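S.K.: build the 3D model from these lines:
(one chain, ligands or ions: 1)
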Amino acid sequence: MRRLKFLLSLGAFALLLSPSSGAPDPLEWPSGDGQKLVKANCLICHSGEIVMGQRLSAENWAKVVEKMAGWGSPIPEKDRAALVEYLSKNFNPETPEPKPIRMSPQD
Ligand code: HEC
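M.R.: Numbering: from 1, shown residues only. Got it, this is the predicted structure:
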């Protein structure tokens, strides 16, 4: 019986450690075709905050997207231009600063 409890707690621990990629994305992405592209290709390794927090020109977004593709993002070549357009339209140097991430003990 003790052994079973031990195994169960190990399982719970593994769940805690598992990456959150399957969890619902709490961020509100601006609407547009790029939304699906971001969700499918960019949130596998890191949260969307790292993407939303950037303020880049189209040229620099293109560099980021190429870099991420090189690091393992499955973004297909044919979708990269649309993704760069979406990102640079919504997160460019003119875009107001992102809201600070809200954190409270209740969360
Ligand atoms: C294979 C894993 C992986 C995927 C998929 C991925 N990234 Fe990243 N990304 C990283 C890593 C690793 C970092 C560096 C994280 C750090 O510095 O903490 C990073 C950092 C970033 C940064 C921070 C600035 C920089 O250049 O380092 C941005 C912006 C970014 N990613 C955007 C994207 C976008 C847009 C996509 C989708 C096209 C994407 N990422 C997909 C792994 C990935």
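S.K.: right, and the helix or strand after the lowest-mean-pLDDT helix or strand in the chain?
M.R.: For the chain, the helix or strand with the lowest mean confidence is helix 2-17, at a mean of 58 (criterion: mean pLDDT, DSSP states H and E). Counting by DSSP states H and E, the next helix or strand C-terminal to helix 2-17 is helix 34-41.
S.K.: off-centre distance for that next one?
M.R.: 9 Å (Cα atoms, centre = their mean, to the nearest Å).
S.K.: what is it packed up against?
M.R.: helix 77-90 (3 or more Cβ pairs under 8 Å, 6 or more residues apart in numbering; DSSP states H and E). (Each C-beta comes from the backbone N, C-alpha and C, glycine too.)
S.K.: go ahead and confirm residue 54 touches residue 91.
M.R.: Yes: the pair residue 54 / residue 91 is scored as a contact, 5.4 Å apart, by Cβ atoms under 8 Å.
S.K.: okay, now residue 40: neighbour count?
M.R.: 15 (other Cβ atoms under 10 Å).
S.K.: now the one 10 residues further on
M.R.: In terms of burial, residue 50 registers 11 neighbours under the definition other Cβ under 10 Å.
S.K.: again, but for residue 61
M.R.: For residue 61, using other Cβ under 10 Å, the count is 22.
S.K.: now do the contacts for it.
M.R.: Neighbouring residues of residue 61 by Cβ atoms under 8 Å, 6 or more residues apart in numbering: 54, 84, 87, 88, 91.
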